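Undergrad: when you get a sec, could you give me coordinates for this:
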Amino acid sequence: MRGVSLYVHVPFCASRCPYCDFATAPATSPMRARYLEALAREIEREGTALGRPRLRSVFFGGGTPSLLDPPEVARLGDAIRRGFAARPRPREVTVEANPATLDRARLDAWRGLGLTRLSLGAQSLSPRGLRALGRTHQPEDVPAAVEAARSLGLRVGIDLIFGWPGQSIDEWRDDVDAAVALGPDHLSCYPLELELEPEASVVNWPGGGWTAVERWREAAAARQPDDRGLAVRYAVAERRLARAGYRHYEISNWAKEGAVCLHNATYWRNGAWLGVGAGAHSHLERVRSHRPVALARYLADVERGAARIVDDRSDEAVDGAMLALRRDTGIDLARFAVRCGSDARERVARALRGVDGRGLVRWTGDRVTLTPRGRILASEVFVRLLP
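TA: Next up is the predicted model:
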């Protein structure tokens, strides 16, 4: 394998955000040391099995990777150096961070791994928004984190959530403007999604478990903007970020010139990536696979050398088409046919023609892109692509 992107999942958080569906666990978990040991083992073993390829990009996600202590960070770095080629270095190394968990010692430790980019989970820059989302940091933590990252020459991305309980359009506009004023290289804007089904990571958290989270989500959903309200807020972000010079390069992501997240672009281009850690997904040799979300099962699987779980229901053509349509460049059906075959091309083209006349897609020869209305209603396009 000539090159691959690497995703490393660090599940630990100081507290549980009630809207989060990612694989998370308490930072004080008694399994923390054992998990990090298993994670280092998995990184080295999987990289070696792939022939120690070069890394195009590395993304440490979570959870809150910025909570790790410097010796823990160093151990992960050692595992990466043992499992993957040391040269050339990855073009991009990203760490997700809670704005309140950064200090110079931790940032220096991550820089030792080649850190180039910090992704800040701000979610809101107003006290009311942070309270509504159950966040533990304060608005003033965000500019301080941006300044710290800038002092080290890092690129900065900021994540925002819109549609939180009781949020007005003016409050969302203020959030976007406040984020832009900080001058980040990249902005991600996601609608608050409140699934009311218990997810597997519940088992990683002691105490209240799913019942407490479900109660919060039901109350929050009752005070959320409706679909039209979410669409209005999305349009607000599009207009204001366009005026500020950000390219809307993916449904939920905007970047300044040259600041597209290279790692996430690998996902949207249906490229090759290895995911390690609890709940992490991989896409290698056109096969999708994942690790268990529950820490106990993940540890058992890695410690006995079990293979990743193959996603048998994955459809490479459908996945590739949906991921391509998320990007502003859309899908080139001629190139798609070369990769997935003429039958898959015709199937996708037929499905996309089925939404013609609704203002959701735009055809330019063999290239199909989502319109602004199509980005808001993307799920209505994607469902047509499903077998």
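Undergrad: for the lowest-mean-pLDDT helix or strand in the chain, buried residues please.
TA: One helix or strand of the chain scores below all others by mean pLDDT, DSSP states H and E: helix 209-222, with a mean of 85. Across helix 209-222, burial judged by 16 or more other CB atoms under 10 Å covers Val213, Glu214, Trp216, Arg217, Ala220. Placement of C-beta: from N, CA and C, glycine included.
Undergrad: give the other helices and strands that the following helix or strand past it contacts.
TA: Counting by DSSP states H and E, the next helix or strand C-terminal to helix 209-222 is helix 227-243. Contacts defined by 3 or more CB pairs under 8 Å, 6 or more residues apart in numbering; DSSP states H and E place helix 227-243 against strand 155-162, helix 169-181, strand 186-191, strand 247-250, helix 372-376.
Undergrad: could you tell me the least trusted of those?
TA: Of all the helices and strands packed on helix 227-243, mean pLDDT reaches its minimum on helix 372-376 (a mean of 94).
Undergrad: distance check, Val203 against Val293.
TA: 8 Å (CB to CB, to the nearest Å).
Undergrad: pick out whichever of those two has more residues nearby.
TA: The residue with more neighbours, out of Val203 and Val293, is Val293; 23 against 16, by other CB atoms under 10 Å.
Undergrad: mind listing what the closest residue to Leu386 other than its chain neighbours touches?
TA: Excluding the flanking residues, the one nearest Leu386 by CB to CB, 6 or more residues apart in numbering is Val318, at 6.4 Å. With contacts defined as CB atoms under 8 Å, 6 or more residues apart in numbering, the neighbours of Val318 are Val348, Leu385, Leu386, Pro387.
Undergrad: can you count the residues close to the last one?
TA: Burial of Pro387, expressed as a neighbour count using other CB under 10 Å, amounts to 8.
Undergrad: model confidence score at the nearest residue to it once chain neighbours are set aside, please.
TA: Leaving aside its sequence neighbours, Pro387 sits nearest to Asp315 (CB to CB, 6+ apart; 6.1 Å). Model confidence at Asp315, given as pLDDT, is 93.
Undergrad: what does the one 4 residues further on give?
TA: The predicted local distance difference test score for Asp319 is 95.
Undergrad: for it, what are its contacts?
TA: Asn270, Arg288.
Undergrad: any idea how far it is from Asn253?
TA: In terms of CB to CB, Asp319 sits 19 Å off from Asn253.
Undergrad: please apply the same query to Ala100.
TA: From Ala100 to Asn253 the distance is 24 Å (CB to CB).
Undergrad: who has more neighbours, the two?
TA: Under the criterion of other CB under 10 Å, the comparison of Ala100 against Asn253 puts Asn253 first, with 24 against 17.
Undergrad: which stretches in the stretch 51-200 of the chain count as strands?
TA: With DSSP state E, counting those that start in this stretch as the criterion, the stretch 51-200 of the chain has strands at 54-62, 92-97, 117-123, 155-162, 186-191.
Undergrad: ok, now the stretch 201-350 of the chain?
TA: 247-250, 253-255, 273-276, 281-284, 287-290, 309-310, 331-332.
Undergrad: what's the burial count for the residue nearest to Pro387?
TA: Other residues close to Asp315 by other CB under 10 Å number 17.
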